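> below are the sequence and a predicted model; questions follow.
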Amino acid sequence: MNNKNVIGLNLKYFDYAVGCVFLMAVSLILPYINVAEGRKNFISAVIGLVKCSNGQSINLVVYLTAIITIASLIIGLISFYATSVRIVKIWQVIQAFATAFWTFLLFASKTILEKAEIAKGFTNKQLSFGFWIGILAAYVGLVLIMRTTRTNVGYFFPKNLTLQNFTNLFGNNSVIPFKKWWVNTFIVATASCIINTLIILATSFTLSRTRFAGRKAFMNVLMVIGLFPGFMSLIAVYNILKGLGLNQSLLALVVVGAAGAAMGYHVTKGFFDTIPKAIDEAAIIDGATRFQIFTHITLPLSKPIIVYTVLGSFLASWSDYIFPSMLFGDKQSSYTVAVGLYWLTDFRRIDRYYTQFAAGAVIVAVPIVILFIWLQRYYVEGLSGSVKG
Amino acid sequence: MKEYKNRNLITIFTKGDIFSKLSYIVCGASNMRQGQVIKGLLFLLLEISYIFFMITNGAGLLRNLTTLGDNLQGMQFNEELGIYEMMAGDNSMLILLYGVIAVVVTISFIAVWYFSIVSGEAARKRASEGKKNKGFIEDVKSLTNENIRYLLLAIPVIGLLIFTVMPLLYMILMAFTNYDQEHQPPGNLFDWVGIKNFITLLSTGDKLSSTFWPVFGWTLIWCVFSTFTCYFGGMILAMVINSKGIRFKKVWRTVFIFTMAIPSFISLRVVATMLGERGILNVLLQKWGFVEKALPFLSNANWARVSVIAVNMWIGIPVTMLMVSGILMNIPEELYESARIDGAGPVTIFRKITFPYMWFVTTPYLIANLISNFNNFNTIYFLTGGEPHTLNYYKGAGQTDLLVTWLYKLTKDSNDYNLAATIGIIIFIISAIFTVITFSRSGSLKNEEGFQ
């Protein structure tokens, strides 16, 4: 056993790491694939590829996998006898490459083997246990070496990087009135974010800072109303709008959004509750009216929650689908982006318009992402709520 | 006159003066007597306009509400011209809607009436105590001060009445009618049927109930799985990001917040196309030789159910992470330190300290999440649209449909409004049960020191 102590290394995992790398190297001579002629190990696959007449550059993956695996084993053995921080770090890099190549092989085997005519109709089921041991040992070895050097194992695969692919899929959108949709949505979202925020702030202030008979009852009624699924009553809303002459107009979206805004008072009220009562009382003694308290004391103290509310209401109307889709029906010129994009992804149109859809999706996401980057500090603060002071 | 206590509608009438009594019939009489002339006149004006409304329209609307219309649209013989003519019949839907409006107007008037009586009585009391009553200008001024609630709540309340309460009443009433595909106005009338809709939906035997129960069962399964996968996933993610070794904590957090920044209808549509039969995932899996045929991610009932739960994690975990991060930072560090000194490993620490603390603080959040997942329209509608379809279900419903998405389809595609309304009421009842549980549990929030 290795009873050395090296500053900067955590040797608890070192022996296991060497073992894993050894196993990875051994798997080169274990069966790699099952083909018609029987099992083949990695080395014979390499030889087969070298002999193969129509050599390609992708075959390099196989050669490099073998070479780097052996290199990793050699350095591992060296570091076993002459342990130092530098050697282990180099080993870590080489092992990372080896792991990457083993992984790459998982996806490339089919192409390589079929091109070289070693196998036909290859599927990864035909990869033999030698390969699986190799790839597993490569990963475990890498993790163990990283532990030895105390490098943190964070995320190998940040899962939402996948969305990056779609930002590349810009296309032009001249066939569909996307610009009109975007402008529609922008107008509606901006208007209703201003109006909704004012209404939510006013409602929360009244419910949080004043006391009157029926306050609790009012809050309970709001809660009970909120328990019904909202779009259940859209038909009736539609008919009422028709009666008011507002159907199929953007104004209807703003009006209906504003009418229901008061129900979202909870978070804001919770925030207002944390502002000390003593401030209000002092202001009343100094002769301030309630309205002055609202505008001059409460609102300036509540920047995070105002930002949170603005962001929330903008986002809600920006991506609202159900109501606009019901309201506008087939009147395409008033669609908002949510309705328009969904319309594009209908199975009858998706093949033709997929790139446009992707581009549209990006353009729709951009304003929101910018808002979020800009305001995310407030967003977190607003949620955790509480005024210091 | 000696002042009495216990002011209510009866005592004001029996113990007030003649003007108090008069104001039960003529709104604002007492106010006018005590010098608040404009206020009194306003009350009177409201009363007169209500009476005018009732005489001209309202009474008829309320009467029609009981029958929902009798005259069917159809051909009638016109004797003067000697031919058959198309006669417009009653439109049950509009009758119901106007009836609801008349009811809401009546309720609003009763509120005004009550308010005028109380206000008149208060004015009388102040006068009898020798104080001066406020003039109209002073009343208006008080709107920015002690009566600010009238100023700030007026618009929200009016908005709620018109666009939330009224439609909701309309739909609730609709659950007790037979307004389905075969009874579509204006060509046809619909009528009150009592609780028949509930019986057909809930009792066994019918095709409707054999759709309702499976959909309900899947909704419950979805509700539990989607909530808890996101809850634990978010918690683990937050712990990983907050753990000591991780650098660039803010960057990681921002990366995950991005998933929230992208409107969910977009990300869900993108994922839906990726998971499709010719989507990128299936193409790659085939190209790399993992599978021979495309996997039925969204086209086989069980696959689709697992898929939507998995995709929902991707949407829900960042939200939970954000919410949990703050709480995690509040757990006293000493607890961890002493646990480590006692030799506890990371798993034990999670099991004995982190998790009980989180569980204690976040129970109400968890139940709120259960409700919102119960009604999670977006994920299902944008990802699968309720598909795959099956012939065993009532038309339109698919095997990943939740109650809410089914409700939506019933209103939008098949026009079975009575069923939609019935399902809406059932959803309400279930949500209400969840809410009652939340309220009884939220005591834990109030005495946070209870833990430790």
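Right, received. Where do you want to start?

> pLDDT below threshold where in the stretch 251-389 of chain A?
A:347-356, A:376-389 (pLDDT under 70).

> who in it is up against chain B?
Within the stretch 251-389 of chain A, the positions lying close to chain B (CB under 8 Å from any CB of the partner chain) are A:255-256, A:258-263, A:289-292, A:294, A:315, A:318-319, A:321-322, A:326, A:338, A:341-342, A:345, A:350, A:354, A:357-358, A:361, A:364-365, A:368-369, A:371-373, A:376, A:379-380, A:383-384. Using the backbone N, CA and C atoms, a C-beta is placed for each residue, glycine as well.

> going through those, which ones are buried?
Buried subset of those (neighbour count, 16 or more other CB atoms under 10 Å in any protein chain shown): A:255-256, A:258-263, A:289-290, A:294, A:315, A:318-319, A:321-322, A:326, A:338, A:341-342, A:345, A:350, A:357-358, A:361, A:364-365, A:368, A:371-372, A:376, A:379-380, A:383-384.

> kindly report the residues of the stretch 101-250 of chain B close to chain A.
Taking CB under 8 Å from any CB as the criterion, the neighbours of chain A within the stretch 101-250 of chain B are B:144-146, B:148-149, B:151-153, B:155-157, B:159-160, B:162-168, B:170-171, B:240, B:245-247.

> mind exporting stretch B:280-290 as PDB, just the C-alpha atoms?
Provided in PDB are the C-alpha atoms of stretch B:280-290 (Å, rounded to 0.1, in the frame of the first residue of the first chain):
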ATOM      1  CA  ILE B 280     -33.800  15.400 -33.200                       C
ATOM      2  CA  LEU B 281     -33.500  13.000 -30.300                       C
ATOM      3  CA  ASN B 282     -34.900  10.100 -32.200                       C
ATOM      4  CA  VAL B 283     -32.800  10.900 -35.300                       C
ATOM      5  CA  LEU B 284     -29.600  11.000 -33.200                       C
ATOM      6  CA  LEU B 285     -30.400   7.800 -31.300                       C
ATOM      7  CA  GLN B 286     -30.900   6.000 -34.600                       C
ATOM      8  CA  LYS B 287     -27.900   7.500 -36.200                       C
ATOM      9  CA  TRP B 288     -25.600   6.600 -33.300                       C
ATOM     10  CA  GLY B 289     -27.000   3.100 -33.400                       C
ATOM     11  CA  PHE B 290     -28.700   3.000 -30.000                       C
END
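
> other residues contacting it?
The contact list for stretch B:280-290 (CB atoms under 8 Å, 6 or more residues apart in numbering or on different chains) reads A:106-107, A:109-110, A:122-124, B:274-276, B:291-295, B:297.

> kindly recompute the last result at 7 Å.
A:107, A:109, A:110, A:122, A:123, A:124, B:274, B:275, B:291, B:294, B:295 (CB atoms under 7 Å, 6 or more residues apart in numbering or on different chains).

> can I get those in CSV with neighbour count and pLDDT?
Output for the contacts of stretch B:280-290, formatted as CSV (neighbours: other CB atoms under 10 Å in any protein chain shown; pLDDT from 0 to 100):
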residue, neighbour count, pLDDT
A:107, 15, 78
A:109, 25, 78
A:110, 21, 77
A:122, 19, 75
A:123, 15, 76
A:124, 16, 75
B:274, 18, 81
B:275, 24, 83
B:291, 13, 70
B:294, 16, 75
B:295, 18, 78
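
> now do the helices in the stretch 251-389 of chain A.
A:266-273, A:277-285, A:290-293, A:299-301, A:303-318, A:322-328, A:337-344, A:350-384 (DSSP state H, counting those that start in this stretch).

> now, of the ones you listed, which is deepest in the fold?
helix A:337-344 (a mean of 24; mean count of other CB atoms under 10 Å in any protein chain shown).

> give me the helices and strands touching that one, please.
Packing contacts for helix A:337-344, counted by 3 or more CB pairs under 7 Å, 6 or more residues apart in numbering or on different chains; DSSP states H and E, involve helix A:178-209, helix A:322-328, helix A:350-384, helix B:264-275.

> could you dump those to CSV with distance to residue A:227?
CSV is the format used below for the helices and strands packed on helix A:337-344 (distance: least, CB to CB, whole Å):
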stretch, distance to residue A:227
helix A:178-209, 18
helix A:322-328, 17
helix A:350-384, 23
helix B:264-275, 22
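
> tell me which of the ones you listed lies nearest to residue B:321.
Ranking these by distance to residue B:321, with CB to CB as the measure, places helix A:350-384 first at 11.1 Å.

> residues of the stretch 351-452 of chain B that sit close to chain A?
Residues of the stretch 351-452 of chain B lying close to chain A by CB under 7 Å from any CB of the partner chain are B:375, B:377, B:404, B:407-408, B:411-412, B:417, B:420-421, B:424, B:427-428, B:431-432, B:435.

> and the residues you listed, which two are the farthest apart?
Greatest spatial distance in those: B:412 and B:435, 27.4 Å, computed using CB to CB.

> and stretch A:17-32, which residues are buried?
A:17-18, A:20-25, A:27-28, A:30-32.

> ok, now stretch A:47-60?
Of the residues in stretch A:47-60, those buried (16+ other CB under 10 Å) are A:48, A:49, A:59.

> possible to save the residues you listed as a markdown table with secondary structure and distance to residue A:148?
Formatted as a markdown table, the buried residues of stretch A:47-60 follow (DSSP: H, G, I helix; E, B strand; the rest coil; distance: CB to CB, whole Å):
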| residue | secondary structure | distance to residue A:148 |
| --- | --- | --- |
| A:48 | helix | 36 |
| A:49 | helix | 34 |
| A:59 | helix | 33 |
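
> dump those to a markdown table, plus distance to chain B.
Shown next, in a markdown table, are the buried residues of stretch A:47-60 (distance: CB to the nearest CB, whole Å):
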| residue | distance to chain B |
| --- | --- |
| A:48 | 18 |
| A:49 | 17 |
| A:59 | 17 |
